[in-house]
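K.L.:
pasting a predicted model and its sequence here:
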Amino acid sequence: MLQTILAPNPSPLTGPGTNSFLLGEDSIAVIDPGPDIAEHREAILRAGGGRITHIIVTHAHLDHSEGAAALARATGAPVLAFGTADAGRSLLMQSLAASAGGGEGRDLAFCPDRLLRDGDRIETAEWTLTAVHTPGHMGNHMAFLWDDTMFCGDVVLGWSSTLISPPDGDLLDYFRSLDRIEALRPARLLPAHGDAVEAPLARVAELRAHRQDRSGQILGALRDGAADAGTLARRIYNVPEKLLPAAARNVLSHLIAMTELGVTIAPAPITPETRFSLR
């Protein structure tokens, strides 16, 4: 009833690649069709056997959504998601859209056939999925509950913490989404990258603590004086040079969140070069 097709798009940010999940037998949902790679699409079509009836996208990053349009043309199945790449942003992130940089991997062409909202149910005779709005990694991010299993996209990964890059990523939303997942108490998480998470509550707690520790490191570094996100990333991250840009985006998300909470201050408008300081 559940199949996993791994897309051939491994990278430092996608791990082994994108997991495309096929749920059902006579009426099959494809959850995250992945990148627009012909061999991956053909693998999905073979596994679907002409029975694909729903294409469901957790969020509009190219490694999840780019293949949706071609798969829809091949199957006639509608594409379901929260919305376009800009959907679901908080008012603060909307205000930062022109200055904060970011935009890594956004699928600007993504346009679902059916918009989903938190709590919507997608039902067939075989299975039911409940949509759960889980912004943080991206404003339009959704997870989907299938009985006590959650298809969690990129909000929880078993092998790494997810990228949070403003204005698409929002750290305060991310914490709220972790709280939401914790409250729903799924027995198993199926991320879009990497292996299943068999102890979801422990993993959620670990990810929350990781982000809290990172905020503490940033605050400690700011005691030496005002600094921008890139400078702080070099001080506190121990990663290869090629990963420092992603680290700087994560740091910027922490700085924006701490400024919103009144812990730090920064001149407007906030940009990647903005120097933040302790209040």
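P.N.:
Yep, it's here. Numbers count the residues shown, from 1 in each chain.
K.L.:
name the element the nearest residue to Glu260 once chain neighbours are set aside belongs to?
P.N.:
Closest residue to Glu260 apart from its sequence neighbours, by C-beta to C-beta, 6 or more residues apart in numbering: Leu92 at 6.2 Å. In short, each C-beta sits where N, CA and C put it, glycine included. In this assignment (DSSP states H and E), Leu92 forms part of helix 91-96.
K.L.:
re earlier: how many residues are close by the residue nearest to Glu260?
P.N.:
Counted by other C-beta atoms under 10 Å, the residues lying close to Leu92 total 18.
K.L.:
give me every residue that touches it.
P.N.:
Asp170, Ile256, Glu260 (C-beta atoms under 8 Å, 6 or more residues apart in numbering).
K.L.:
and which of those is nearest to Ala266?
P.N.:
Ile256 (8.3 Å; C-beta to C-beta).
K.L.:
was I right about the closest one contacting Tyr174?
P.N.:
No. Ile256 is beyond contact range of Tyr174, at 11.8 Å (criterion: C-beta atoms under 8 Å).
K.L.:
out of the two, which sits in the busier spot?
P.N.:
Ile256 (27 against 24).
K.L.:
A strand includes that one, no?
P.N.:
No. Under DSSP: H, G, I helix; E, B strand; the rest coil, Ile256 falls outside any strand and is assigned helix.
K.L.:
burial of the nearest residue to it once chain neighbours are set aside, as a residue count?
P.N.:
Excluding the flanking residues, the one nearest Ile256 by C-beta to C-beta, 6+ apart is Pro166, at 5.6 Å. Residue neighbour count, defined by other C-beta under 10 Å, stands at 27 for Pro166.
K.L.:
how far away is Gly216 from Phe276?
P.N.:
15 Å (C-beta to C-beta, to the nearest Å).
K.L.:
between the two, who's got more neighbours?
P.N.:
Phe276 (25 against 12).
K.L.:
who's in contact with that one?
P.N.:
Leu222, Ala226, Ala227, Asp228, Ala229, Leu255, Met258, Thr259, Thr264, Ile265, Ala266.
K.L.:
what residues are up against Gly67?
P.N.:
Neighbour list for Gly67: Ser20, Pro33, Gly34, Pro35, Asp36, Ile37, His40, Arg41, Ile44 [criterion: C-beta under 8 Å, 6+ apart].
K.L.:
the same query, at a cut-off of 7 Å, please.
P.N.:
Contacts for Gly67 were tallied using C-beta atoms under 7 Å, 6 or more residues apart in numbering; they are Pro33, Gly34, Pro35, Asp36, His40, Arg41.
K.L.:
now it: closest residue in space, sequence neighbours ignored.
P.N.:
Nearest non-adjacent residue to Gly67, counting by C-beta to C-beta, 6+ apart: Pro33, 4.0 Å away.
K.L.:
doesn't that neighbour belong to a helix?
P.N.:
No. Counting by three-state DSSP, Pro33 is not part of a helix but coil.
K.L.:
what's near enough to touch it?
P.N.:
Pro33 is in contact with Ser20, Ile44, Ile55, Gly67, Ala68, Leu71, counting by C-beta under 7 Å, 6+ apart.
K.L.:
Val239: which of those is nearest?
P.N.:
Val239 has its nearest neighbour among the contacts of Pro33 in Ser20, at 28.2 Å by C-beta to C-beta.
K.L.:
and that closest one, how many neighbours?
P.N.:
26.
K.L.:
three-state assignment of it?
P.N.:
Following three-state DSSP, Ser20 is assigned to strand.
K.L.:
from Ser95, how far off is it?
P.N.:
In this structure, Ser20 and Ser95 are 35 Å apart, going by C-beta to C-beta.
K.L.:
equivalent analysis for Ala247, please.
P.N.:
Counting by C-beta to C-beta, the gap from Ala247 to Ser95 is 24 Å.
K.L.:
and those two? Which one has more around it.
P.N.:
Of the pair Ala247 and Ser95, Ala247 is the one with more neighbours under other C-beta under 10 Å, namely 21 against 15.
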